[in-house]
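**Q** Just the structure for this:
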Amino acid sequence: MPPPHPVPDDMKWQIAARMVSALPLMYDLCFRGVVGEEYDRLEQQIWISMAGEAAKVAESFSLPTGNAEELVQTLDHVSTIFFGPEMRSERVRISPERSVLVMKRCPFEMPATMMRMEGEHLFHRCMAFSIAAVEAMNPDYTLRFVRSMCMGDGHCEMKVMKVEEAREMDRAR
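**A** I've put the predicted structure just below:
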């Protein structure tokens, strides 16, 4: 029998999550200058693909996705699984058809600040993942950002709502 691992399991998970959260930032620093203007578009496709994986995780574990309130709960759970325990969030139920996920702490923000990255780059990753994840879990719903830490707000606020409501809201702008 192999000897016990010297690093406790919960610490291994935290370290792995920190590394995964830093990886996109490291790729950005290395490749943005070489790839140029196409970098954001190409990278967003990776985050959209990850959102498809988030939907598969939700389905595999029978996580609820039937309405906005359930989608916010499941997005919160899956995001924590994917990006680590440093996430701190709060869920606000407006109605079953409209709910809000408030991110109070993001695992991407601190490494980005330390690497002096532009918040806009972080925002596009998160937006691509979050919207695509909700829509992959339930195509009747979508997500809209109200506030974003990486764009200067004190927290992130993501509103999940019916697609029709979002279209009406977009047309009114």
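
**Q** Wait, Y39 touches F31, no?
**A** Yes. With contact defined as Cβ atoms under 8 Å, Y39 counts as touching F31 (6.4 Å). For glycine as for every other residue, the C-beta is placed from the backbone atoms N, C-alpha and C.

**Q** Name the next helix or strand following the helix or strand bottoming out on mean pLDDT in the chain along the chain.
**A** When each helix and strand of the chain is scored by mean pLDDT, DSSP states H and E, helix 109-114 comes last, with a mean of 64. Next along the chain after helix 109-114, taking DSSP states H and E as the criterion, comes helix 119-137.

**Q** Mind listing what's buried along that next one?
**A** The neighbour-count check on helix 119-137 (16 or more other Cβ atoms under 10 Å) flags 119, 121-137 as buried.

**Q** what's the answer for stretch 78-89, then?
**A** By neighbour count with 16+ other Cβ under 10 Å, stretch 78-89 contains the buried residues 78-84, 86-87, 89.

**Q** Would you mind listing the two of these that lie farthest apart?
**A** V78 and E86 (15.2 Å; Cβ to Cβ).

**Q** Tell me the helices and strands packed up against the longest helix belonging to the chain.
**A** Assignment by DSSP state H gives helix 9-35 as the longest helix of the chain. Judged by 3 or more Cβ pairs under 8 Å, 6 or more residues apart in numbering; DSSP states H and E, helix 9-35 is in contact with helix 39-60, helix 68-83, helix 109-114, helix 119-137.

**Q** Tell me which residues of stretch 147-154 come out buried.
**A** Within stretch 147-154, the residues that qualify as buried are 148-150, counting by 16+ other Cβ under 10 Å.

**Q** can you redo those as a markdown table with distance to M1, pLDDT and secondary structure?
**A** Output for the buried residues of stretch 147-154, formatted as a markdown table (distance: Cβ to Cβ, whole Å; pLDDT from 0 to 100; DSSP: H, G, I helix; E, B strand; the rest coil):
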| residue | distance to M1 | pLDDT | secondary structure |
| --- | --- | --- | --- |
| S148 | 49 | 89 | coil |
| M149 | 46 | 86 | helix |
| C150 | 46 | 83 | helix |
